[in-house]
Every structure is written in structure tokens, then in C-alpha cells.
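Visitor: The sequence and its predicted three-dimensional model are supplied below.
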Amino acid sequence: MSEATLSDRGRAMAQTSLKARLQPLLCNLYHPKDNPNGIVDMGTAENHVMTKDVSSFANTKIRTSPHDFTYGEGPWGSERLRTAMANHMNKYFQPFSAIYPNDLVFANDITSLCELFGYAIGSPNDGILISRPSYQAFPADFGARAGLKCVFVSFGNVDQFSPAAIENYESTLLEARDQGISIKALLLCNPHNPLGRCYPLAVIKALMQLCNKHSLHLFADEVYALSVFSSSSPSETPFSSVLSFDSSSYISPDYLHVVYGMSKDFAAGGLRLGCLYSRNTAVLEAVSAVSQFSWSGPLNQLFAAEMLEDEEWKSGFLERSRDALKERYENCTGVLNEYGIEYSPGSNAGFFLWVNFRPVLDMTDHKDEWAAEDALVANMEDNGVYITKGSLLQAEQAGWFRIVFTQEDDVMQEGFKRLFHAIGAKKVEV
Ligand SMILES: Cc1ncc(COP(=O)(O)O)c(C=O)c1O
């Protein structure tokens, strides 16, 4: 391999390689019978518990036609799919103003839509503000080709789900500006990945006002909107979409955008399908202008339309999914409690918990805590279990990890067994 044959851009892109990091895992996944020595994946955010349900729906319900094997209506999403999604969002997101099919543009996933949006609203080295910790792919999504920089906001002891956090966003924006980075947008991941919490309306409104003050786009990633369950936590906040109230006095509709898709709430990441909602037709047109590079085929669009249109199946599916998430959240927190392992409280959404392994960071041979975190990861890998380390998720402190709990019970049990062996955890005496 000769890196000399690459441009600077090619080399920078190669450094973001997902393939290098994930292929060894994804090609060797643990299965109790077929691959017992494989790696237990408690890191990738997929709802494995619900994929059987999706597959049986597809096998019984879906029939193709010759048209589904053509280029179809293009990459932007067929009229049928955009109508189905608009109806779905009108029902489940309770928007203040109705969503119309023409407010939506589809691409092959939210990953691509982040990039396309980045192209549309920024230039290389412009910035996008994101709270930390954060979903690990955003830097590559916005940065690898569109060249935008993710500028992460730290909170220290401030709760980022409280209005006090707005100051942290603003001071980070001003510091970035002093360093020559022009911030163009604020990304709000709600429900939050990896914290699994929802933002209260008061915070959403205050963030809109901040965006308005500094002419920032508010880009709301609501991909976990319906993966919200009741965790009986006193600090639990229900999900409210940025579209669920009259926001016109806080932010211009031209600056408000939402991404949503099939990967999480519909347990169908393999469909590679997501959409951008915006009332800003210039943004929708700019995104559509280059979306042929991010084209989800008509077969995928057909599958998604069928799922979105079948109201009876969908409401049953979403209810089963919420129940499964709640049960798995309770199992996972139960196990962590038994072993005296701390996790971030108040989560009631998503597929994961934010877990504190700082007490088991071994500092003896390492220059700093981040190196000790890497050593812990290597130890977990040696034990055949994968969870996502905080440094990939922009954690403020080393030693925090994201554990995904949406695997089948036997996989979770094996994963915890390996994890506890790796970190030397013992049940706490009661
Ligand atoms: C917050 C968030 N946004 C976007 C994505 C990616 O979505 P897609 O599969 O549509 O690219 C993920 C996947 O983990 C995610 O957690």
C-alpha cells in the first residue's frame, strides 16, 4: 500500500476508514451455535431484537413489480414513499404545521444526508456545533468529503439537558470564531446518542434562539424519535420533536431542518434510507442536486413505503419495540447494578447506556487516562467483546463507554460474561 499515491484529501479520508475499524468485527460476529468464538457486538447501534419482526413482515407482505427493478423516480424518494413518510411523521411527530411530501428529500441514509446538508450550507473548514459525548460518525459524515469541522461543546458539571447549557454552546461558538472557524449550524441529536435522553422543550426553544442570534441552521437528528420507552426514572423527559410547536418566534423556518429514517425506529439499517425535512426549498434543491451519489434504490424505497403505510402492523411493531427496549434497558441496568457499575441516569430512549469504567482504568503503564482506556479496549477485544469507547464518542473524561443493549438475551449474557472477565468485575455484596 503506497500512501504516496494519494492526495492530501485521500490520505485524510483514509484516516476516517470505517472499514479498517469495523470489518474485522462485522465479519466475525458471535453466534452461540454458528460462531461461538466470534466477537460479541455490544457496540453497534442496531435493534437486533426487532429485525426478525421486520423480516417476517417483508416476507409475507412485499411483492415486487418490474418497475421496482428500474431507476424508479430517481434518488430523491418516490412520490409514494414521500407521501407515506409525511403521513407517518404527521401522525407520530405531531408537527405544529402539517408535513407535505414535497418538504422531504430522501437519500440512502442519514449518514449521506449529513454530508449533503454540509455541502449545502457550509464550505470546507466551516464548523458545526455538536454537544459531547456524540454519535461517533458525525465527524466523518460532515468532514470526510464536505470538509466541515465538528466543533464539540463540553459541559463539565452542567447538565446539557438544562437551559444552563446554552452558555456552553455560545462560548464554544465564540472561541471557534476566534480561531477562524465560522460555525454554520448546530446539530441537535434528540433523543441523544449516546446518552439516551430527550431534550425538554425549554432547552429546544433556547437552542433555537441561540441559532437565531448567530444565524445558525438547527439540524435536528431525530432518528430515535419513536425508540422512547418509560424507564421510571424521575428525570425522564418525553420526546418532543423540534416540529411539534410553533417555532416561528424562535427561529426562521428557513433555518430549521430534521433528519429521520428507517435505521433505528424501524430496525432496518440495511435499507439505507433516510430523509431530510425542510421548508427551505433552496436547501432541499441543493441536496437533491447531488443526491444521485447517495441513491437508495426503488426496492428499498418499496420496502420502506410498505412498512410506513401499514398502520396496523406499524403500531403493533412500534409498541413491541418500545416494550423490548424497556425490558432490555431494565435487564442491562439490573446487571450493571449487580456489579456496582455506574451508568448515566435518566435515559429512556435509544438502544444504549453510557457506562463508567473509570474505576477500572489501570494507570500503571500508561501516559494518560486515554491510553489506559485504549488498553482496556484491547483487553476487551482479547476477550471477544466490542463496546464503543468514549474517545470515539468525544467523551469529556476517559473511561466512559457506550453499551448497546438491543441484542438477543443469550448474546447479551455472553457479552457481559466476557466484559466482566475483561475488566475483572465482581458482583457487589449486598
Ligand atoms: C444519531 C444517529 N444519527 C444517524 C445515524 C446513522 O443513520 P443511517 O443509518 O440512516 O445512516 C445513527 C446510527 O447509529 C445515529 O445513531
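Guide: Yep, that arrived.

Visitor: Give me every residue in the stretch 51-200 of the chain lying close to the ligand.
Guide: If contacts are counted using Cβ under 6 Å from any ligand atom, the residues of the stretch 51-200 of the chain sitting beside the ligand are 109-111, 135, 189, 193. In short, each C-beta sits where N, CA and C put it, glycine included.

Visitor: Helices along this structure, start to end?
Guide: 8-15, 18-26, 51-61, 79-92, 110-121, 138-143, 166-178, 201-213, 281-289, 298-309, 311-338, 369-382, 409-423 (DSSP state H).

Visitor: what sits up against the first one?
Guide: This points to helix 8-15. Residues outside helix 8-15 that contact it (Cβ atoms under 8 Å, 6 or more residues apart in numbering): 3, 6, 144-145.

Visitor: Buried only: go through the residues you listed for me.
Guide: Burial by neighbour count, judged by 16 or more other Cβ atoms under 10 Å, picks out 144-145 from the contacts of helix 8-15.

Visitor: Out of the helices of the chain, which one sits most buried?
Guide: Sort the helices of the chain by mean neighbour count, taking mean count of other Cβ atoms under 10 Å, and helix 110-121 sits at the top with a mean of 24.

Visitor: just to revisit the earlier point, can you list the helices of the chain in CSV and add mean pLDDT?
Guide: Rendered in CSV, the data for the helices of the chain read as follows (pLDDT from 0 to 100):
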stretch, mean pLDDT
helix 8-15, 79
helix 18-26, 84
helix 51-61, 96
helix 79-92, 98
helix 110-121, 97
helix 138-143, 95
helix 166-178, 98
helix 201-213, 98
helix 281-289, 97
helix 298-309, 97
helix 311-338, 97
helix 369-382, 96
helix 409-423, 97
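
Visitor: Kindly reformat these as a markdown table containing distance to residue 225.
Guide: Formatted as a markdown table, the entries for these read as follows, by distance: least, Cβ to Cβ, whole Å:
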| stretch | distance to residue 225 |
| --- | --- |
| helix 8-15 | 31 |
| helix 18-26 | 25 |
| helix 51-61 | 17 |
| helix 79-92 | 7 |
| helix 110-121 | 12 |
| helix 138-143 | 18 |
| helix 166-178 | 22 |
| helix 201-213 | 13 |
| helix 281-289 | 20 |
| helix 298-309 | 14 |
| helix 311-338 | 10 |
| helix 369-382 | 31 |
| helix 409-423 | 25 |
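
Visitor: Might you report the residue contacts of residue 344?
Guide: When contacts are counted by Cβ under 8 Å, 6+ apart, residue 344 is found next to 195-196, 353-356.

Visitor: among the residues you listed, which two are most distant?
Guide: 196 and 356 (14.3 Å; Cβ to Cβ).

Visitor: Can you pick out the residue with more neighbours from these two?
Guide: Each of residue 196 and residue 356 had its neighbours counted (other Cβ atoms under 10 Å), and the higher figure belongs to residue 196 (27 against 16).
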